[in-house]
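Colleague: Here is a sequence together with a model predicted from it:
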Amino acid sequence: MAMSHELYLSALALALTLPDTCGKAEYPNEDYNAVRYKNWCSQYVITDRCDSPYGQDMPYLNEEIIYSLRNCLLHQSTPNVEQSKIHEVRCKVDKFELVITGEDGANGDLSMVAYGKDMNIVRRELKVPISHLCYILCTAAEGYYKKNKEKFDFIKYSIEDDRPNTFL
């Protein structure tokens, strides 16, 4: 619904929280949220994403980039990634960019590598359509939940609406 109202960062922020919940369900005994989050993304969201058809130098959307984006957006209100938090060399991007696309826009991430003298990599870039990232996170979470509803018994809450009823 947020995407349909062009609330792109709100949609992304909400989608980026789904692996937190699903990771807790899948790895209930893991104390570290980062480990749960990245493991769940690796297992359920990006299982086939590292085999770039463009070669082994190209960055791709991996679990560390998604987790870094989550942290930057939710804790600093900055939709970016921290290169220092990425361990996989080919995913240490010099420039990360989110893209708002039309309905006929790209369906996946776009990566670029610039080579310098002696074919040494001098720059890596990754562009990720917000709609695509939201789609893959939401689809993975929905599929996981449908198959594993019993694992979500840790979610217990109560919300009471104390607003007075207003009738016209």
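Modeller: Perfect, I can see it now. Numbers count the residues shown, from 1 in each chain.

Colleague: Show me which residues of stretch 155-168 are buried.
Modeller: For stretch 155-168, the neighbour count (16 or more other CB atoms under 10 Å) marks no residue as buried. For every residue, glycine as well, the C-beta is placed using N, CA and C.

Colleague: Neighbouring strands - and their directions - for the strand of greatest length in the chain?
Modeller: The strand that spans the most residues within the chain, counting by DSSP state E, is strand 121-129. Looking at strand 121-129 with DSSP bridges, its partner strands are strand 95-99 (parallel), strand 110-115 (antiparallel).

Colleague: Counting neighbours, show which residues of the helix or strand of the chain with the lowest mean pLDDT come out buried.
Modeller: Lowest by mean pLDDT, DSSP states H and E among the helices and strands of the chain is strand 110-115, with a mean of 84. Within strand 110-115, the residues scored as buried using 16+ other CB under 10 Å are Ser111, Val113.

Colleague: Is the residue nearest the centre of the chain within a helix or a strand, and which one?
Modeller: Among the residues of the chain, the smallest C-alpha distance to the mean C-alpha position (CA atoms, centre = their mean) belongs to Ile66, namely 3.9 Å. Ile66 is part of helix 63-76, with elements assigned from DSSP states H and E.

Colleague: Let's see that helix as PDB, backbone CA atoms only.
Modeller: The C-alpha atoms that make up helix 63-76 are tabulated as PDB, following Å, rounded to 0.1, in the frame of the first residue of the first chain:
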ATOM      1  CA  GLU A  63      22.700 -10.000   2.800                       C
ATOM      2  CA  GLU A  64      25.400  -7.600   4.100                       C
ATOM      3  CA  ILE A  65      24.200  -4.800   1.800                       C
ATOM      4  CA  ILE A  66      20.600  -5.400   2.800                       C
ATOM      5  CA  TYR A  67      21.500  -5.400   6.500                       C
ATOM      6  CA  SER A  68      23.600  -2.300   6.200                       C
ATOM      7  CA  LEU A  69      20.900  -0.500   4.300                       C
ATOM      8  CA  ARG A  70      18.400  -1.500   7.100                       C
ATOM      9  CA  ASN A  71      20.700  -0.100   9.800                       C
ATOM     10  CA  CYS A  72      21.400   3.100   8.000                       C
ATOM     11  CA  LEU A  73      17.800   3.700   7.100                       C
ATOM     12  CA  LEU A  74      16.200   2.700  10.400                       C
ATOM     13  CA  HIS A  75      18.800   4.100  12.800                       C
ATOM     14  CA  GLN A  76      20.200   7.100  10.900                       C
END
